[in-house]
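Chemist: Have a look; sequence and predicted model below, questions after that.
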Amino acid sequence: MAGFNAADYLLDRHVRDGNGARTAVVTANRTLTYAELADEAHRVAGGFVRLGMRPEERVMICMVDGIEMLTAILGAMYAGIVPVPVSTMVTGPELGKVLADSRARVLCVSAEFAESAKVALTLAPETTDVVLDRAESFSDTVRSHDWATLSTSDPVMAYETWEDSPALWLYTSGTTGTPKGAMHRHASIRAVCETYGSQVLGIRDDDRCFSVAKLFFAYGIGNSAFFPLSVGASVALEPGRPAPRLIAERVRTTRPTLFFGVPTFYSALLASDIPDDTFSSVRQAVSAGEPLPAVLFERFRSRFGVEILDGIGSTEALHIFLSNRPGEVVPGTTGTAVPGYDVEIRDVTGVPIEAVGEPGELFVRGPSTAFGYWSRYETSKQVFQGEWLRTGDSYVRNPDGTLTCLGRFNDMLKAGGIWVSPSEVEQRLLQHPDVAEVAVVAAPDEDGIDKPVACVVPVAGHEVDTQALIEFCRADLASFKRPRAVVAVAELPKTATGKIRRNVIREQVRD
Ligand code: 3SK
């Protein structure tokens, strides 16, 4: 089996090639070269070994974006240990659930999340050691360590992992359901860099990356670690929660060339009063997580002068496998398959649909799909089908060969017996100047028959005239697709990754 270690590929390779003095990572108070980042990550690897960790054991990482989190991930990979970055937005019991599920021996945690971690530990008896990035003492029930225990340990060189050795677990729950750990191998990290990173983004060593999506997401770890470090480029890390003014300030100071966001955040940027030249250093903005409505693409380009490249990936595929191409964006579509990946739209019987305009479920195969979910045999069989990965997204082929997302496969709704894509109705409503965000779901009318209902967040300072919005849809959509009711709400319920929680909205509109 071929030897390969992703941390060696991302760090030591550049040092060996004489590029150790290049800037790798920038935070508000520290800048590290490749040589310095590699040294620190090797020490963290040594720290994990000092704590008694063995290759293939898991370390859970619940930390804010920063050098500590980056070196925890890369240090674990060096040592053959499997880093499991998890959302910092979860409650203590939720963290406890994934901690227990992963059977991680060690938990690395930022001081901000120490209280959640204490609760989590009561549910995860197999976790014996906690490493805090700042505070020193923690709990009597586990051994607690400060960050220096890791970062000042004797360096450990890369363990001889294989291409197919486990490298990274990422928990995903989709928009519903219990979290499942998607298990990725070392070579998949190289695969996403050589496909999407190199052949779609065209990332180069003079790029500077900035991602609103945090390192604990599959999208964020690609944007802020794998892609920049694969080519000797640099990344700016921001620990704070993304808000338009904070991000605009960091963009002004770090001057990124590649900026990564999600549709909700692009919408928040457009609704804010940040200066129109904020993104003047950016050669390409990227969006994923949810389909980017054409109207947001147009508004962003006209106000900030930057093109947003919309793509779709999944935690199970590690990163983006379907994307527009720079300079050739077809707004309102997700573009075409990334080189190295094949996609199929299949009907309910599993037969591929070649016809234009006929919706079906998207399947993908490629070099970065996960082995499966940790300890989830039945669910893994449903999602990982031979070489193919079932995405759960509903897609349609356009006449120009691009694909358009119609929403989650199970979010499609029927009105008068005809399928309606919530996303099509949402795109129309977003064209209205009073509408900032919208989600369309099915709700039963007085006869118990499902009809489209729109939940709308008004633009700040505006009010929505719900009847006028229905008429606005009627003017441009087939009559059966128009929402039968529009409900104005202050905000839409979202997952940690910013995806709209339609199941929650469905419950709300039924009440
Ligand atoms: O949701 C997405 O589009 C995505 C993109 C890259 C990596 C992971 C995910 C979930």
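Modeler: Nice, I can see it.

Chemist: For Asp65, give its distance to Val192.
Modeler: 19 Å (CB to CB, to the nearest Å). No exception for glycine: its C-beta is placed from N, CA and C like everyone else's.

Chemist: Among the two, which residue is more densely surrounded?
Modeler: More crowded of Asp65 and Val192, by other CB atoms under 10 Å: Val192, with 28 against 24.

Chemist: Pretty sure the more buried one sits against Leu318.
Modeler: Yes - under the criterion of CB atoms under 8 Å, Val192 is in contact with Leu318, at a separation of 5.2 Å.

Chemist: so what's in contact with these two at the same time?
Modeler: Residues touching both Val192 and Leu318 (CB atoms under 8 Å, 6 or more residues apart in numbering) are Gly222, Ser368.

Chemist: Quick check: residues of this protein near the ligand?
Modeler: Within the chain, the positions near the ligand by CB under 6 Å from any ligand atom are Ala218, Tyr219, Ala288, Gly289, Ile312, Gly313, Ser314, Thr315, His319, Ile320.

Chemist: what about 8 Å?
Modeler: Within the chain, the residues that sit near the ligand (CB under 8 Å from any ligand atom) are 172, 217-219, 222, 288-290, 311-315, 317-320, 497, 499.

Chemist: Helices - which of those land there?
Modeler: If you go by DSSP state H, the residues of the chain next to the ligand have Ala218, Tyr219 in helices.

Chemist: ok, and the closest non-adjacent residue to the closest residue to the ligand within the chain?
Modeler: Distance from the ligand to each residue of the chain (CB to the nearest ligand atom) is smallest for Gly313, at 2.8 Å. Of all residues not flanking Gly313 in the chain, Ile320 sits nearest, at 3.8 Å (CB to CB, 6 or more residues apart in numbering).

Chemist: Could you double-check that Ala72 sits in contact with Cys108?
Modeler: Yes - taking contacts as CB under 8 Å, Ala72 lies within contact range of Cys108: 4.9 Å.

Chemist: which regions of the chain sit below the pLDDT cut-off?
Modeler: 135-137, 174-177, 416-417 (pLDDT under 70).

Chemist: coming back round to it: give me the number of residues near the residue of the chain closest to the ligand?
Modeler: Quick note: Gly313 (other CB under 10 Å) scores 24 neighbours.

Chemist: which ones are touching it?
Modeler: Per CB under 8 Å, 6+ apart, neighbours of Gly313: Tyr196, Ala218, Tyr219, Gly222, Ala288, His319, Ile320, Phe321, Leu322.

Chemist: Narrow these to just the buried residues.
Modeler: Using 16 or more other CB atoms under 10 Å as the burial test, those include Tyr196, Ala218, Tyr219, Gly222, Ala288, His319, Ile320, Phe321, Leu322 as buried.

Chemist: Report the set of residues contacting both of Ala72 and Cys108.
Modeler: Common neighbours of Ala72 and Cys108 (CB under 8 Å, 6+ apart) are Val59, Ile61, Met63, Val131, Leu150.

Chemist: Just the buried residues of those.
Modeler: Val59, Ile61, Met63, Val131, Leu150.

Chemist: and the second one, what are its phi and psi?
Modeler: Yep, that's Ile61 we're talking about. Note on Ile61: backbone dihedrals following degrees, to the nearest 10 are phi -120, psi 110.

Chemist: Begin at 19, not 1, for the rest of this chat.
Modeler: Shifting the count to begin at 19 puts that one at Ile79.

Chemist: That one contacts Ile91, doesn't it?
Modeler: Yes - counting by CB under 8 Å, Ile79 touches Ile91, with 6.5 Å between them.

Chemist: which residues do the two both contact?
Modeler: Pro101, Pro103.

Chemist: List the contacts of stretch 400-418.
Modeler: Here stretch 400-418 makes contact (CB under 8 Å, 6+ apart) with 192, 330, 332, 334-335, 348, 351-352, 362-363, 371-383, 387-391, 421-430, 439.

Chemist: Assign a three-state SS to Gly425, would you?
Modeler: On the three-state scheme (DSSP: H, G, I helix; E, B strand; the rest coil), Gly425 is labelled strand.

Chemist: who touches it in this structure?
Modeler: Gly425 neighbours (CB under 8 Å, 6+ apart): Pro309, Asp411, Ser412, Ser439, Pro440, Ser441.

Chemist: which residues in the stretch 269-418 of the chain form helices?
Modeler: Ranges of helices in the stretch 269-418 of the chain, per DSSP state H, counting those that start in this stretch, are 281-289, 312-322, 395-401.

Chemist: and Val504, which of the three is it?
Modeler: Taking three-state DSSP, the label given to Val504 is strand.

Chemist: on that earlier part again, taking the buried ones among the shared contacts of Ala90 and Cys126 one by one, which sit in strands?
Modeler: Among those, DSSP state E puts Val77, Ile79, Val149 in strands.

Chemist: dump the residue contacts of Ser341.
Modeler: By CB under 8 Å, 6+ apart, Ser341 lies in contact with Tyr214, Val218, Leu327, Asp328, Gly329, Ile330, Thr352, Gly353, Thr354, Val356.

Chemist: In ChimeraX, how would I select just the buried ones from the residues you listed?
Modeler: A single ChimeraX command is used to select the members of these judged buried by 16+ other CB under 10 Å:
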select :214,218,327,328,329,330,352,353,354,356
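
Chemist: Please tell me how far the residue nearest the centre of the chain sits from Ser157.
Modeler: Nearest to the geometric centre of the chain sits Tyr237, at 3.3 Å (CA atoms, centre = their mean). As judged by CB to CB, Tyr237 and Ser157 stand 32 Å apart.

Chemist: Glu144 now?
Modeler: With CB to CB as the criterion, Glu144 and Ser157 are 15 Å apart.

Chemist: on that earlier part again, for the closest residue to the residue nearest to the centre of the chain other than its chain neighbours, what are its contacts?
Modeler: Once flanking residues are discounted, Tyr237 sits nearest to Ala231: 4.5 Å by CB to CB, 6+ apart. Counting by CB under 8 Å, 6+ apart, Ala231 touches Tyr237, Gly238, Asn241, Phe278, Gly279, Val280, Ala306, Gly307, Thr515.
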